[in-house]
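*Asks:* sequence first, then the predicted structure, then my questions.
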Amino acid sequence: MSTDTFRGDYKDNDPLQRLLDREETFPRWYVDEIVDEIESDLRTKGYLKAEVKVKRRIDQSGSETIELVTDKGRRYHLIDPEWIGVSDKIAVEHFFQRIGKIQPGEPFREEDYKRIVREELARKMVANGYLDLRLGSVDFVTDDKRAVVKPVIYLSEGPVYMLKSAALTGIPADLGNRQEAKDLRNALLIGKPFDVGKVDDRQKQLARALVALGYLDAKVDREQNKGTDGISVQIKVNPGPRYKVAKVLIRGAIKTHYTVMKREVLLGKGEFFEEERIRDSVAQILRLEIARNVDIQVLEKDPETGEVYVLVDVEESARFRFEIGPGFGTVQGVRGIFRGTYANIGGTARRFTLYARANRRLTGETPSPNDVVNVHSFPFIERRITVEYFEPSLLNYHIDGRLTYSHAKEYQTRFSIFSNTFVAVVDYRLTRRWIFTTMYDFELSEPFNIDKNVQIQDSIDPSEKRLTAIGEGILMNYLDEDFNPLRGVRAKVDGNLFNKYFGGEFNFWQTTFRQEFFYPLWVFHKGKWLGLALTTNFGFSGAYGKTQEVPVEKRLYVGGENSVRGFDEKSINPLYICNVQTGALCTQQNGGDSFFSFMTEINVPLFYGLDLLGFLDGGNAYNSDRNFKPWDLRYGAGAGLRLNSPVGPLKSGYGFNLERKRIDGNLEPVGAIYIGVGPI
């Protein structure tokens, strides 16, 4: 048998080729299966009269050509259904009309129609009190002349059951005001149709909340009695004992000292076995970077004594870890990184890390070497090298210490920075959601490669500065998930005081605020939602004593993927001598003493973890705190895509500058591309 070819709608020749490779006779039934498959597929899409004809011919060499000719015919559409067994046709049609894809005029798809009627229509009616709903068969009558299909639905809806009375008993006194209990009460509104599905869901939420608080045997049962005048519902909560921890056992800690692991588990003897304590314990252990995975579970529980034995199962990480590879981002451009970690030194969870990064920006925003006012070499390749030592649990308290040295040669806004920095940090973890950070910063900083177009009024001091500060930070995290949050709030406050008495040369202060808010506008199902994200940022700074102004490298900047998309990084600066109406040119200062910005984002789920993003951002930097005007903003808007990967959201898009200005004689770009990682 020689070459055979398929022609027509079906293009896959692989099954045929496998037969040819085995030099077997071509099976006649194979074509019949293909014909059945094509006709079946078309008929499920509404082409009820679709036909596939088979044409065969053999040429002089003995090769057989099989041609499939498809005639789809007319596509059949739906018309109004016929209701059989319905008592109140108007009420039933009211629910039916609220369901898409099965309305008159839509293409006829038999299986989809049956599924939607059985699932969505039935769910909507039961949710509105039709507890005796009986849904029979769904048949179809076709009219070939008009190419329409009339569904015939056999349905008995029964009466609407209104909630006559409701009682919720057995909730522990100190838990009566929990949100889950309020939600269940709100689902039991007297005089309203009884939504059995919503009540079921609220019962499960309340049961899960009780278990999370240590009532491991909690049950939430319901009794309901239907009568001619409505339905009576009684929900009884049986919480059972609230379990306390009797003993904690640790398994898998081979390289780590037992006392280290025991110290990080926040489940002491006699304390309640609560989900919050479990999450805090997992977070405590994972922050040490000595474990790949931590699982805390009940090993044994005693209902009589109300005690539970807890097993902490740990999968330890390798002590020596290395990471090397390329990358790309809109801020840093093309980059290469190296990270080496020696973790869990001596089994004590101490850690030593070396990080190095080299990058080259591709945006073309850096000044030319011919346009600078000093002799320092232009940073064609930017670099940053950081060495960090981590000390866990200072003095055996939940206080971490970090010592960090950084060397950097990086481009800022219209100038570059050569710096050497030493930082000592103490982190106090009040809970998993509240972290306080105290910091001492000693920095030798030297701006260079200053653009000649920068005004003398800007007074950038290119000499090396010694900057020292003591700072405090507070992080409050109430997100349901850090990497890809659905709902919640996260806020961060940082304050730094620079003073000559700390070893520096300048006196000034600085404080910044950032708050993130996430809310699901519509949840389709777990892991897929239409979401809203909002971030607000603002900050203030000022010089005091003999210092006249905040050094340029410590000023506040706006613009870029983390503040206002549609602008280059840190490109929104205070403007002066600016009158667009008279044609006067705007001149731009380097940074400001205060700033304000916001970011808003709507994500629309598409498929396979890919979301469509739409955003509107705004922000500005101001010359001084007195000029702080959060209503005087520059705006950027655009769209992009987000991939929800296991390592967090990966985002890319394009933002447009909504009000382009002529800065220093040049018109601002139309917009900017951004590539980033994170929820917003």
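*Replies:* Received, thanks. Numbering: from 1, shown residues only.
*Asks:* show me how the protein divides into domains.
*Replies:* Domain ranges of the chain: 5-71, 77-156, 163-238, 244-316, 320-677, per automatic domain parsing.
*Asks:* rebuild those as CSV, extending it with mean neighbour count and mean pLDDT.
*Replies:* For glycine as for every other residue, the C-beta is placed from the backbone atoms N, C-alpha and C. What follows is these, written out as CSV (neighbours: other Cβ atoms under 10 Å; pLDDT from 0 to 100):
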stretch, mean neighbour count, mean pLDDT
domain 5-71, 13, 72
domain 77-156, 15, 92
domain 163-238, 16, 90
domain 244-316, 17, 92
domain 320-677, 17, 84
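*Asks:* chain neighbours aside, what residue packs nearest to residue 64?
*Replies:* residue 58 (5.0 Å; Cβ to Cβ, 6 or more residues apart in numbering).
*Asks:* what of residue 396?
*Replies:* Per Cβ to Cβ, 6+ apart, closest to residue 396 is residue 263, 6.8 Å.
*Asks:* helix, strand or coil for the one you found?
*Replies:* Using DSSP: H, G, I helix; E, B strand; the rest coil, the secondary structure recorded for residue 263 is helix.
*Asks:* remind me what the lengthiest strand in the chain packs against, helices and strands.
*Replies:* Ranked by residue count, the top strand of the chain under DSSP state E comes out as strand 508-525. Where contact means 3 or more Cβ pairs under 8 Å, 6 or more residues apart in numbering; DSSP states H and E, strand 508-525 is packed against strand 488-498, strand 528-543.
*Asks:* alpha carbons only: can I get it in PDB?
*Replies:* Taking C-alpha atoms only, strand 508-525 is exported to PDB below (Å, rounded to 0.1, in the frame of the first residue of the first chain):
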ATOM      1  CA  PHE A 508      16.700  65.000  58.300                       C
ATOM      2  CA  TRP A 509      13.800  62.700  58.900                       C
ATOM      3  CA  GLN A 510      11.600  60.600  56.600                       C
ATOM      4  CA  THR A 511       8.500  58.500  56.900                       C
ATOM      5  CA  THR A 512       6.500  56.500  54.300                       C
ATOM      6  CA  PHE A 513       3.200  54.600  54.300                       C
ATOM      7  CA  ARG A 514       1.900  51.900  52.000                       C
ATOM      8  CA  GLN A 515      -1.400  50.100  52.200                       C
ATOM      9  CA  GLU A 516      -2.700  47.300  49.900                       C
ATOM     10  CA  PHE A 517      -6.400  46.300  49.700                       C
ATOM     11  CA  PHE A 518      -7.800  43.300  47.900                       C
ATOM     12  CA  TYR A 519     -11.400  42.400  47.400                       C
ATOM     13  CA  PRO A 520     -13.200  39.800  45.100                       C
ATOM     14  CA  LEU A 521     -15.900  41.500  43.100                       C
ATOM     15  CA  TRP A 522     -17.200  38.100  41.800                       C
ATOM     16  CA  VAL A 523     -16.000  34.600  42.700                       C
ATOM     17  CA  PHE A 524     -16.600  32.100  39.900                       C
ATOM     18  CA  HIS A 525     -15.100  29.200  41.800                       C
END
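*Asks:* you'd agree residue 40 is in a strand?
*Replies:* No: read with three-state DSSP, residue 40 is helix and lies in no strand.
*Asks:* so who does it touch?
*Replies:* Applying Cβ atoms under 8 Å, 6 or more residues apart in numbering to residue 40 gives no contacts.
*Asks:* residues in contact with the most centrally placed residue in the chain?
*Replies:* For the chain, the residue nearest the mean C-alpha position is residue 484 (2.5 Å; Cα atoms, centre = their mean). By Cβ under 8 Å, 6+ apart, residue 484 lies in contact with 644, 648-649, 679.
*Asks:* can you list the residues you listed in JSON lines and add distance to residue 125 and secondary structure?
*Replies:* As requested, the contacts of residue 484 are arranged in JSON lines below (distance: Cβ to Cβ, whole Å; DSSP: H, G, I helix; E, B strand; the rest coil):
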{"residue": "644", "distance to residue 125": "35", "secondary structure": "strand"}
{"residue": "648", "distance to residue 125": "41", "secondary structure": "strand"}
{"residue": "649", "distance to residue 125": "38", "secondary structure": "strand"}
{"residue": "679", "distance to residue 125": "38", "secondary structure": "coil"}
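*Asks:* out of the residues you listed, which comes closest to residue 76?
*Replies:* The shortest approach to residue 76 among the contacts of residue 484 belongs to residue 644, at 38.6 Å (Cβ to Cβ).
*Asks:* how about the strands in the stretch 1-150 of the chain?
*Replies:* Ranges of strands within the stretch 1-150 of the chain are 5-7, 51-58, 64-71, 77-78, 82-84, 134-143, 148-156, based on DSSP state E, counting those that start in this stretch.
*Asks:* identify the residues contacting the shortest one?
*Replies:* Contact partners of strand 77-78, identified using Cβ under 8 Å, 6+ apart, comprise 46, 102-108, 113, 147-151.
*Asks:* so residue 281 is in which element?
*Replies:* helix 275-286 (DSSP states H and E).
*Asks:* quick one: contacts of that helix?
*Replies:* By Cβ under 8 Å, 6+ apart, the list of residues contacting helix 275-286 reads 211-213, 261, 264-267, 271, 291, 294, 296, 312, 314, 398, 429, 431-432.
*Asks:* what's the first helix or strand after it?
*Replies:* strand 291-302.
*Asks:* contacts for that following strand?
*Replies:* 216, 243, 246, 249, 265, 267, 273, 278, 281-282, 285-286, 307-317.
*Asks:* again, but for stretch 304-317
*Replies:* 216, 241-256, 261, 265, 267, 273, 281, 285, 289-302, 343-344.
*Asks:* using a markdown table, lay out the contacts of residue 484 together with distance to residue 542.
*Replies:* As requested, the contacts of residue 484 are arranged in a markdown table below (distance: Cβ to Cβ, whole Å):
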| residue | distance to residue 542 |
| --- | --- |
| 644 | 42 |
| 648 | 36 |
| 649 | 36 |
| 679 | 32 |
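*Asks:* tell me where the stretch 201-350 of the chain has strands.
*Replies:* Ranges of strands in the stretch 201-350 of the chain, per DSSP E, counting those that start in this stretch, are 219-227, 230-238, 244-251, 291-302, 307-316, 320-329, 333-345, 350-360.
*Asks:* which one of those strands lies closest to residue 564?
*Replies:* So among the strands of the stretch 201-350 of the chain, strand 320-329 is nearest, using Cβ to Cβ, at 16.8 Å.
*Asks:* now that closest one - C-alpha only, PDB.
*Replies:* This file holds the C-alpha atoms of strand 320-329, laid out as PDB (Å, rounded to 0.1, in the frame of the first residue of the first chain):
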ATOM      1  CA  PHE A 320      24.300  24.700  51.100                       C
ATOM      2  CA  ARG A 321      22.200  26.300  48.400                       C
ATOM      3  CA  PHE A 322      23.100  28.100  45.300                       C
ATOM      4  CA  GLU A 323      21.100  30.000  42.700                       C
ATOM      5  CA  ILE A 324      22.400  31.500  39.500                       C
ATOM      6  CA  GLY A 325      20.700  32.700  36.400                       C
ATOM      7  CA  PRO A 326      19.600  35.500  34.000                       C
ATOM      8  CA  GLY A 327      16.500  37.600  34.200                       C
ATOM      9  CA  PHE A 328      14.700  40.700  32.800                       C
ATOM     10  CA  GLY A 329      12.600  43.500  34.300                       C
END
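*Asks:* list the neighbouring strands of it plus their orientation.
*Replies:* Take DSSP bridges as the rule and strand 320-329 pairs in its sheet with strand 333-345 (antiparallel).
*Asks:* tell me where the stretch 51-200 of the chain has helices.
*Replies:* 89-96, 110-116, 122-127, 179-186, 196-212 (DSSP state H, counting those that start in this stretch).
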